[in-house]
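1. kindly return the folded structure for what I paste below:
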Amino acid sequence: MSSFELTRYVTIGQYIPADSAVHRLDPRVKIILFAMLVLTAAFASTYTGNVVMAAACLLVLIVSRVPVGYGLSGLRPALPFVVVLFILQVLFLGKGPGTVVLWQAGWFSVTADGLKIAVVAVMRFLEILCLVSVLTLTTTVNDLARGTEALLRPLARIRFPVHEVTLILTITVRFVPTFAMEMEKLVKAQASRGADFGHFRWWQVVRRTKQTFPVIIPLFVSAMHRAEDLITAMEARGYVPGARRTTYTEYRMQARDGVAAVLVVAFCAAMWLIRFPV
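-> Down below sits the predicted model:
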């Protein structure tokens, strides 16, 4: 039954309460610092740089007191996409004069540059996914919404719909585990009716994709029903888009926020300034 427990491997949108330094950070500071780490990971272009970045992600996960196994389990659903991304980039990128060919068969060839691009791209993707998972695992949805709205509030002067955009982002994050749970129910229902959802190896991407087709349409219909229920609930509570609102929670910067900001900024600056040889 472990193959049916999809919610176990969906960490984005989940929250694990704990008394850690990451949990206690101001949501506004936390969002900014994680955004800096994500940008740094996105522009790490060497093996060494990505290894350092991966170690930093693991350190953040440990400091947040989130179970490492559970935190890294969020990478499992992305493995089929990662495999396809790796294969495509290895086979079709890094071609050009002067490149070292490692393997060739007809039109397909693997070069040293293509291999480097593929490995770096995969590591970037996994690092960013890990950072986003840690952010949601250590921050409640309400804190994410309030922190994002507080950061975007200056844009309201130019008539930017700050509250509406924040609401959309919040609903999106909140519904990720909800849809995973709904898909898990659909898969179990299909399996009870004779559908084959047995164990698959991570490289059996095509077979796994075919097995998910029977649950796509029911999942889409369920999502539409949930969206209608949400609209009805918001209208029943008197929600009016664009109305002026006040906030009950006010955040104040603490000394720990400054310490965390100094450490993350110093790390990101070092990553940007240091040119790793490989």
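
2. can you pull out the strands in the stretch 101-250 of the chain?
-> With strands called from DSSP state E, counting those that start in this stretch, the stretch 101-250 of the chain shows them at 101-105, 108-111.

3. can you read off the pLDDT for Asp26?
-> In this model, Asp26 is scored at 90, pLDDT.

4. I'd like the distance between it and Leu155.
-> 20 Å (C-beta to C-beta, to the nearest Å). The way it works is simple: take the backbone N, C-alpha and C, and place the C-beta from them, glycine included.

5. for Leu129, same thing?
-> Leu129 sits 27 Å away from Leu155, going by C-beta to C-beta.

6. between those two, who's got more neighbours?
-> Ranked by neighbour count (other C-beta atoms under 10 Å), Leu129 and Leu155 place Leu129 first, with 20 against 12.

7. so for that one, what's the pLDDT?
-> 89.

8. is it true that it touches Arg76?
-> No - counting by C-beta atoms under 8 Å, no contact exists between Leu129 and Arg76, whose distance comes to 10.5 Å.

9. dump the residue contacts of the residue nearest to Ala156 when sequence neighbours are not counted.
-> Leaving aside its sequence neighbours, Ala156 sits nearest to Val162 (C-beta to C-beta, 6 or more residues apart in numbering; 4.9 Å). Residues counted as contacts of Val162 (C-beta atoms under 8 Å, 6 or more residues apart in numbering) are Glu149, Leu152, Arg153, Leu155, Ala156.

10. wait, is Val66 part of a strand?
-> No - with DSSP: H, G, I helix; E, B strand; the rest coil as the criterion, Val66 is assigned coil and is not in a strand.

11. and the gap between it and Leu88?
-> From Val66 over to Leu88 (counting by C-beta to C-beta), the distance is 32 Å.

12. of the strands of the stretch 101-250 of the chain, which shows the lowest average pLDDT?
-> strand 101-105 (a mean of 69).

13. how about low-confidence regions in this structure?
-> 1-10, 13, 93-98, 101-102, 105-107, 191, 193-213, 242-243, 245-247, 275-278 (pLDDT under 70).

14. break it into its domains for me.
-> Domain segmentation of the chain under the TED database yields 13-139+252-273, 154-237.
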